[in-house]
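**Student:** Just to be clear, the model below is a prediction. Sequence and coordinates:
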Amino acid sequence: MADLQTIELVKDIEVDKYKYGFETEIESDFAPKGLNEDIVRFISAKKGEPAWMLEARLEAYARWLQMDEPTWARVHYPKIDFQDLYYYAAPKSMSGPKSLDEVDPKLLETYAKLGIPLKEQEILAGVRKQGEKSELDDAGGSEYSSGKVAVDAVFDSVSVVTTFKAELAKAGVIFCSISEALREHPELVKKYLFSVVPQGDNYYAALNSAVFSDGSFVYVPPGVRCPMELSTYFRMNAKNTGQFERTLIIADKGSYVSYLEGCTAPTREESQLHAAVVELIALDDAEIKYSTVQNWYPGDAEGKGGIYNFVTKRGDCRGPRSKISWTQVETGSAITWKYPSCILRGEESRGEFYSIAISNGRQQVDSGTKMIHLGKNTSSRIISKGIAAGRSDNTYRGLVSAHRKATNARNFTQCDSLLIGDKCGAHTVPYIEAKTSTAQFEHEATTSKISDDQMFYCMSRGLTQEEAVALIVNGFVRDVLQQLPMEFMAETQKLIGISLEGSVG
Amino acid sequence: MSIALARTAAEEALDFSLPHRRMEEWRWTDLRQMIDKPYPPRQMVTAEQGEVERLLKSSPFAAIAGARMVFVNGHYDSKHSKLVNSAVEPQAEITEPVQQMNAAFATDGARLVLSGSIDTPVELVFIATDAAPRTIATHNVIEVAGGASATIIETHIGKGSYLANSVTEIRIGEGARLDRVKADLESHDATHLAHAHVTLSANVTYREFTLSTGAKLNRQNGTYAFKGEHTDAKISGAYLLAGKQHADSRLVVDHQVPNCASRELFKCVMDDHARSIFQGKVIVRPHAQKTDGKQSSHALLLSETAEFDAKPELEIFADDVACGHGATAGDLNEDHLFYLESRGITPAEAKALLIAAFVGEAFETIDHDGIREALTDYAARWLTEHRRKG
């Protein structure tokens, strides 16, 4: 099992490297610290974008300047100095630790448990870049003499990627970076970009619109069922693609696509702030399934150094009978501020949101969803499982609304919270707005703890306390786990156990 | 974020800044917009005795109540009151706009200390007579002594156009029981702004029921602070709204100590363009272990244009608790209607039966038989009258 996981992980790394292989000329450039109109122009020019894109970025920047940082979420953090950040291809080795000795020992322990070899740990922890020589190489004794060679020995990733590229192209699916899409398919990007999350949508979305450096673009043509789980093999967004990713996925009439972002292995990111934007568009009868596993560095025991994950994710069920399903497993980041939403515009369209949010240590999670029913006979379902441990705060914040014309809108919401220990907090802040009598909304929330009886039973069967907690929590989140693509279910189960370590006793 | 807003005419008349939708707790009830004409405070109005008596008689509790205390246009009416004020001082912190407004404009109010076992309900009647638009503010302090038991009714009745602001502070001593019933039977042209501040000691039993059916604009805040262990509170309410009525309740149930239980049940019936809002928040502070808190709000929308908004919030900082909330919104179940009709009941009757059953659940929480029957009758009359109109 551990070997298999290693192969998985190594595979990811190699694939990412492959991707960087395309972008070397960009990698070497970087803009100075700080944000102003010139930086926005610089980014746009570097990427060779069309004029309309630059205008859109500048408009976003102008809007951003007018906005105030939102404070309504139940999260607390020191004020972010937006002038102290790199907005374009920041030199990645500047802030990284020099050797594994400098890395948070807790993080290394986790790697050991996931079965990641030392070399890979170095890469994940940001001690060294892929392809860089490791100090550990000289020591010898390791079965992998370097990350790259090990990968080559295991897996010829380049050919695999090419195979999949060819297969996708045969199906007509466009899957590339958004910069590439801007060059190759400007008409598609122009038509759909900002159509779900406009430039001035919110503070972080505006910032992202102005300075986004890259991200993924997916277009599935009419009637095509995408032949594979996208990103299962590419995982482009997992590492160092920049703190401002922009993802745009379009499922044309009658098509289907499943997209997975993230990585179960905890990665030490150099940038503290992540303000990504994801836009999904489902046309008539199309279906998009978007799964996220987020396990970024949560900071040390005191929460220092963790990632701020301020993400805007929104899907637009534009066509009749379209469907968008969000599944998320949030275990990392110091602060998560994220509300994947569905606009149910098309008649009989459907939105789903399945979430597991685990917070431990000093983590703060404020996450949930918005289901906006605009069309007739639309339906939505929300299943949210929040688990708070340590000294963390875990908030579900959601909105379900039915417009006057959303006749027969249906919603079912279930928010369950589990508290482990008496120093954490679990909060539920749902908003329900029914503007038509034919809407049927049901909302249910519960808060509970792991009962002593459950623990006693598991432990009397020989499980340790931590194993028992992991088992019970996995049962608690089962409804959501089942929504994940097969490949990720097992890994996620393990991840849940690891995330909760040290939370009991 | 503070935004300087130009004062509206209503705000000028009050010399007071009204809460607006940019304030989270007022997102659905923007008083700046909804209070669209001036209601000057502290107006001296001479009430006509006949009118006062007519209004008094219209209280559904006229036959039930024992001792009464009557306030006419914000002033104690000794002629119709059997009770006099005791020496008891307010203690509640003033934090909320309705309270601030009350602190600025209150002219009078009940000051009661209830001790021993009081069998017949005590009724506080607040009457507004037909006169020029104005603000009427009253401030009540009710102290229930340790071990006492009492039932208190607050009835708000009026005619014409006015703004009633009513703040009630209730402190309940150890081992006491209080049943509180509040009925908003204000004029359909009135605005009713209320705030209740309830402090519960140990081993207290507290029951509260609110009927909201009068005013065109109704906003009620309630804060319930659990200060002693083994206390149990049930807070329920029913809304019967039609036309363009708007009612918003915001409750904060604050569990500060372990081993307490709270229940909230709200049933809202809305027709025409009526809109109702339920904002309930249950806080479980650190160390308030073994808290049992449940909250539910259900809305029945009888017309396409009615609206229900809810924000049932949980804020939990202790792990050994059982807390939950449920909220539903929808119209009458067609299967239920069909079932009744298949038994030979006319559609109109079937509808009335189902509505009565829906709100009935909230009335069931009232322990006092007389009060429950009086209110159930009142609701039945509302339904019949309303159906005749529709």
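**Tutor:** All right, it came through fine. Numbering: from 1, shown residues only, chains lettered A, B, ... in the order given.

**Student:** Just the buried positions in the longest helix along chain B, please.
**Tutor:** For chain B, the helix reaching the highest residue count under DSSP state H is reported as helix B:369-389. The neighbour-count check on helix B:369-389 (16 or more other CB atoms under 10 Å in any protein chain shown) flags B:370-372, B:374-376, B:378-379, B:382-383, B:386 as buried. (Each C-beta comes from the backbone N, C-alpha and C, glycine too.)

**Student:** ok, now stretch B:120-132?
**Tutor:** Buried residues in stretch B:120-132 (16+ other CB under 10 Å): B:121-131.

**Student:** Just these: which are in helices?
**Tutor:** Counting by DSSP H, none of the members of the buried residues of stretch B:120-132 fall within helices.

**Student:** which ones among those residues are found in strands?
**Tutor:** Taking DSSP state E, the ones among these that sit in strands are B:122-128.

**Student:** Please convert these to JSON lines, extending it with distance to B:R177.
**Tutor:** As requested, those are exported to JSON lines (distance: CB to CB, whole Å):
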{"residue": "B:V122", "distance to B:R177": "14"}
{"residue": "B:E123", "distance to B:R177": "18"}
{"residue": "B:L124", "distance to B:R177": "18"}
{"residue": "B:V125", "distance to B:R177": "23"}
{"residue": "B:F126", "distance to B:R177": "24"}
{"residue": "B:I127", "distance to B:R177": "28"}
{"residue": "B:A128", "distance to B:R177": "31"}
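
**Student:** average pLDDT across stretch A:34-48?
**Tutor:** In this model, stretch A:34-48 carries a mean pLDDT of 85.

**Student:** Oh, that last question was meant for stretch B:197-208, not what I typed.
**Tutor:** 97.

**Student:** Stretch B:252-269 now?
**Tutor:** Across stretch B:252-269, pLDDT averages out at 96.

**Student:** hmm, back to that, packing partners for the longest helix of chain B?
**Tutor:** Helices and strands touching helix B:369-389, by 3 or more CB pairs under 8 Å, 6 or more residues apart in numbering or on different chains; DSSP states H and E, are strand B:177-185, strand B:205-212, strand B:232-241, helix B:347-363.

**Student:** so what does the last one touch, helix or strand wise?
**Tutor:** Same thing as helix B:347-363. Here helix B:347-363 touches strand B:232-241, strand B:261-270, strand B:292-301, helix B:334-342, helix B:369-389, going by 3+ CB pairs under 8 Å, 6+ apart.

**Student:** Which one of the ones you listed lies nearest to A:H427?
**Tutor:** Closest approach to A:H427 among the helices and strands packed on helix B:347-363 (CB to CB): strand B:292-301, 13.1 Å.

**Student:** Past that closest one, which element shows up next along the chain?
**Tutor:** strand B:307-316 (DSSP states H and E).

**Student:** what inclination does that next one have with respect to strand B:261-270?
**Tutor:** Put simply, strand B:307-316 runs at 170 degrees to strand B:261-270, going by axes from the mean of the first three to the mean of the last three CA atoms, to 10 degrees.

**Student:** Any part of strand B:307-316 near chain A?
**Tutor:** Yes - using CB under 8 Å from any CB of the partner chain, strand B:307-316 reaches chain A at B:307-316.

**Student:** That strand to strand B:232-241, inter-axis angle?
**Tutor:** Using the same axes, to 10 degrees: strand B:307-316 against strand B:232-241 is 160 degrees.

**Student:** quick one on the thing from earlier: going by mean pLDDT, which of the helices and strands packed on helix B:369-389 comes out lowest?
**Tutor:** Mean pLDDT is lowest for helix B:347-363 among the helices and strands packed on helix B:369-389, at a mean of 92.

**Student:** and that one, how far from the chain's centre?
**Tutor:** Relative to its chain's centre, helix B:347-363 lies at 21 Å (CA atoms, centre = their mean, to the nearest Å).
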